[in-house]
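> Return atomic coordinates for the entry below.
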Amino acid sequence: KGVPLDTIPGQTSDPASGYLPQRQQYALLSSGTDARPRTYTGAEVPGAKGTAGSDHISVQANTLASEDAVAKTIAALGKADWPDDLAMARAIMRAMDAGAKAGGDRRCGKANSNTAFIGLYRKTDPQDKPWVELAINGLPPATESGMTHLGTLFQQWLATGTGRTSTRKFVTPTAVTSAR
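Next up, the predicted model:
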C-alpha cells in the first residue's frame, strides 16, 4: 500500500532483488483509478509465452502448447464490466477453459493441464480468506485435464458454496470424480 504501481516492476525485475526475474512472469493490477496492468516476462521464461491486458485485466501464461492460448483466454474473458462477483467468477472459468482448449500447458500433452486452480477475492474479503479458492493437484502427467476436474469442482461450488464467506478446497482428482 502506498507504493506507486509503476515503481514495483523495476524493483522486482532487478537481478539483485533475489526474485530470479529472468524466470518469472507476473502482472500488477490496481483496484483504484489506474486501470492499466503492468506486466513483466523474464527472458528465461520457458516455451511459448504471452501477455494480454485491458482495463483492470491481465492474462499471462508460459510454457504454452500454442501461441493462441493467451489471445483466446483474454477474448473469452471479455471486458471487466461484470455486474457482480459471480459473473466475474464465471468469466474467469470460461477464460481458463478457452486457454486449455487452445492447448494449455505444453508439458501436459493432450491433457492440457496437470493442475488447475482458481482463487478469487472480492474487495471486502480479508487478505487471507479468498471468496473462492479451488485447486486440482496430483494428476499424472498427460493423463487427464486438470481444467476438466476444476470445472466439475467449480460447478459443485456454484451449487453449494457461493454464499459462504470463504471457500478453500484442494483436492485430488479421485475426490472430484467420486463427488459427481
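> pull the longest helix from this protein.
helix 85-101 (DSSP state H).
> Does anything pack onto the helix or strand just after that one? Which helices or strands?
Once helix 85-101 ends, the next helix or strand along the chain (criterion: DSSP states H and E) is strand 116-120. Here strand 116-120 touches helix 85-101, strand 132-136, helix 146-160, going by 3 or more Cβ pairs under 8 Å, 6 or more residues apart in numbering; DSSP states H and E. C-betas here are computed from N, CA, C, even on glycine.
> Mind picking out the helix or strand in this protein with the poorest mean pLDDT?
None of the helices or strands of the chain scores lower by mean pLDDT, DSSP states H and E than helix 173-178, at a mean of 50.
> returning to that earlier point: out of the helices and strands packed on strand 116-120, which is the most enclosed?
Burial of these is given as mean neighbour count (mean count of other Cβ atoms under 10 Å); strand 132-136 ranks first at a mean of 23.
> beta partners for the residue positioned nearest the centre of the chain?
In the chain, the centroid-proximal residue (Cα atoms, centre = their mean) is I118; its distance is 6.0 Å. Here I118 sits in beta bridges with L134, going by DSSP bridges.
> Wait, it touches A95, no?
No - the pair I118 / A95 is not scored as a contact, 10.3 Å apart, by Cβ atoms under 8 Å.
> Tell me which residues touch the residue sitting furthest away from the middle of the chain, please.
In the chain, A16 marks the outermost C-alpha relative to the chain mean, sitting 27.4 Å out by Cα atoms, centre = their mean. A16 sits next to no residue when contact means Cβ atoms under 8 Å, 6 or more residues apart in numbering.
> D125 versus E67, what's the distance?
Distance, E67 to D125, using Cβ to Cβ, to the nearest Å: 35 Å.
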